[in-house]
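Asker: I'll drop the sequence and a predicted model, then ask my questions.
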Amino acid sequence: MSSGLRVQSPGDDPQAAGLLVRHKFDQAQITAIQNGAQSAADELNTADSALTSVSTALAQAQALATQMGNDTYTADDRAAAATEVDGIFKQVVGSLNTRLAIATSLVDIAITRRLLPRRDLPGGHGRTPG
């Protein structure tokens, strides 16, 4: 009984069997690249969101600093505003540290996949895979 397939075993047509194996390998690589691209896009969207948050926080701090430059505010008002600006600064630093971790992760992935040369990068963030 025939299955309708030209190649049922590698011995039927070794060249065609080799092409089939190569095709399956190529498909697996394409899927891996698509998954990697999606992961990178997700991380970039997260980074973009964090940078938007940082921009908003810095605008808030700038507005508060401008407001406190007015002579109508007391030393206590300015001290409270300074505490608020300190909180904004800590929020910004936390967001930037998170983004640095993602950027380092992306660089590590690129080095591992040989998209970047194996060397230390400026700022000590590069790694040479083992």
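Answerer: Received the coordinates, thanks. Numbering: from 1, shown residues only.

Asker: now do the strand or helix carrying residue 36, average pLDDT.
Answerer: Secondary structure assignment for residue 36, by DSSP states H and E: helix 14-68. The average pLDDT for helix 14-68 rounds to 86.

Asker: show me what it is packed against.
Answerer: helix 75-112 (3 or more C-beta pairs under 8 Å, 6 or more residues apart in numbering; DSSP states H and E). To be clear about C-beta, it is placed using only N, CA and C from the backbone, and glycine gets the same treatment.

Asker: any idea how many residues pack against residue 88?
Answerer: 19 (other C-beta atoms under 10 Å).

Asker: now the one 5 residues further on
Answerer: When neighbours are counted by other C-beta under 10 Å, residue 93 registers 11.

Asker: any idea of the pLDDT on it?
Answerer: Value for residue 93, per-residue pLDDT: 81.

Asker: now it: how far from residue 22?
Answerer: 50 Å (C-beta to C-beta, to the nearest Å).
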